[in-house]
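**Student:** Generate a structure from the sequence data that follows.
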Amino acid sequence: MKKSFRAVSIVAAVAMITTGLVATSAVTNAATVLTISTDLPLQGSSFDSNDSTNKAIALYLKQINYKAGKYTVKLKIYDDATAAKGGWDDAKCAANAQAHVANKSEVAVMGTYNSGCAKIIVPILNQAPGGAMTMVSDANTNPGLTKSWNPGEPDVYYPKGIRNYARVCTTDDIQGSAAAQFAKSIGIKSVYVLNDTQTYGQGVAQAFTTEANKIGLTVLSSGAYGEGWDVKQSSYEAMFTKIAALKPDMVYIGGIFDNNGGQLIKDKVKVLGNNTVVKIMGPDGFTGYPDFNSMPEADGAYLSFAGLSTELLLKNAPNGAGAKFVKAYKKEYKKDPVGSYPIYGVAAVQVILAAIAKSNGTRKGVTNAIFSGSGITIPASQSVLGKALAISTLTGDTLAKDITIEIVKGGAETTLRAWTVK
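**Tutor:** Numbering: from 1, shown residues only. Below you'll find the model as predicted:
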């Protein structure tokens, strides 16, 4: 029943967009109709947040009458997850990349949700016939996509020697550092670091570990990333029994909830005690998951979000474009968006649409609009993030370094405060 509802909701979102385009595109020359797409995992635990993102983007396009300058815009939705993986799938990401390139009307992609998937897609889009094709992400936080991180990064993702990837959230070198600084601020003295062995999880775990060592926390795990957990394990009790002997004040979990995070959290509490005994903290890979928030074992868990949470957005700009959009979303869908990334998805689309409006309607023109000249800036009066959004023409990174610290209470993510990296 739940799967059927989810499948119907995606179809309904696409149908709403297609229906809305009939009236606007019927009188529009075909050459001025361009396709933008989303590429997100629509199976597994991250479905709810990403479904909200697609719905939010569909609503935003409807609000602006599907227009970007002189062009009419339509939306195509791609799923980069498989049932077998229960989340994003590297083979599906590669297939989607080829499909983006093959769709001649498609000029830009909003996505991906997972950094590992972006590292597969971006180089293929970079080599698209007729010019590199733009991707703007709402949620990728791995630093290596845009700046020096691991060997060969970021140049390996741009074989044509030009940039075609941007993002509206900040990166894990900022997020991991913020989490370590926050941990110290609440009295944590020792921490054990785990990672899910994927690109994103290792990246944020590495950033946390580096900063924790720098500011004087005792890191009990070994290696740059800490200890990896096997996502296929049925129990993690033996691992936590080993960790218990070291008596950590906190366990930091670098990774995504999709990777057996529920079992990991249950076994942590079973062996080490709840979050009043040994605290737990995770990155944005654990945000936007109702299944995680509803777990009794998650109560009291600290989380970081690589941006401003929707709660902070509403507080900081109660009469701004973002607050108005959230209100419209709730009116349209009868509930709030799940997590904070749906609003960042709309912000990413705002960047794409601004680039289309400045372009000649080609893939190359859209990419050039972001990475040359004055680039793209969305003024505060229009930005759904409640503040001006500017993209670096050199790296594609947002100039903002916003981080939100949250706590899970009563089955929901609750904002504690914004955090500025020291």
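
**Student:** what about residue 178, which helix or strand?
**Tutor:** Residue 178 belongs to helix 172-185 when assigned by DSSP states H and E.

**Student:** distance between that helix and the chain's centre?
**Tutor:** Offset of helix 172-185 from its chain centre (C-alpha atoms, centre = their mean, to the nearest Å): 18 Å.

**Student:** Which other helices and strands does it contact?
**Tutor:** helix 199-214, strand 250-254, strand 279-282, strand 302-305, strand 403-409, strand 412-419 (3 or more C-beta pairs under 8 Å, 6 or more residues apart in numbering; DSSP states H and E). C-beta coordinates here come from the backbone N, C-alpha and C atoms, glycine included.

**Student:** Identify whichever of the ones you listed lies nearest to residue 52.
**Tutor:** strand 412-419 (13.5 Å; C-beta to C-beta).

**Student:** could I get the helices and strands packed on helix 172-185 as a markdown table with mean neighbour count?
**Tutor:** Below are the helices and strands packed on helix 172-185 laid out as a markdown table (neighbours: other C-beta atoms under 10 Å):
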| stretch | mean neighbour count |
| --- | --- |
| helix 199-214 | 24 |
| strand 250-254 | 29 |
| strand 279-282 | 25 |
| strand 302-305 | 28 |
| strand 403-409 | 22 |
| strand 412-419 | 17 |
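
**Student:** out of these, nearest to residue 368?
**Tutor:** helix 199-214 (28.3 Å).

**Student:** quick check: mean pLDDT across the closest one?
**Tutor:** Average pLDDT, helix 199-214: 97.

**Student:** Okay, now the sheet partners of the next helix or strand along the chain from that helix, with direction.
**Tutor:** Sequence order places strand 218-219 as the next helix or strand after helix 199-214, per DSSP H and E. Partners of strand 218-219 in the sheet, by DSSP bridges, are strand 190-195 (parallel).

**Student:** For the strand it pairs with, buried residues please.
**Tutor:** 191-195 (16 or more other C-beta atoms under 10 Å).

**Student:** repeat for stretch 294-308
**Tutor:** Going by 16+ other C-beta under 10 Å, stretch 294-308 has these buried residues: 295, 297-299, 301-308.

**Student:** export those residues to JSON lines and tack on distance to residue 331 and pLDDT?
**Tutor:** Formatted as JSON lines, those follow (distance: C-beta to C-beta, whole Å; pLDDT from 0 to 100):
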{"residue": "295", "distance to residue 331": "31", "pLDDT": "98"}
{"residue": "297", "distance to residue 331": "35", "pLDDT": "98"}
{"residue": "298", "distance to residue 331": "30", "pLDDT": "98"}
{"residue": "299", "distance to residue 331": "31", "pLDDT": "98"}
{"residue": "301", "distance to residue 331": "32", "pLDDT": "98"}
{"residue": "302", "distance to residue 331": "32", "pLDDT": "98"}
{"residue": "303", "distance to residue 331": "28", "pLDDT": "98"}
{"residue": "304", "distance to residue 331": "30", "pLDDT": "98"}
{"residue": "305", "distance to residue 331": "25", "pLDDT": "97"}
{"residue": "306", "distance to residue 331": "28", "pLDDT": "97"}
{"residue": "307", "distance to residue 331": "24", "pLDDT": "96"}
{"residue": "308", "distance to residue 331": "22", "pLDDT": "95"}
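
**Student:** Quick one: mean pLDDT over the helix holding residue 178.
**Tutor:** 98.
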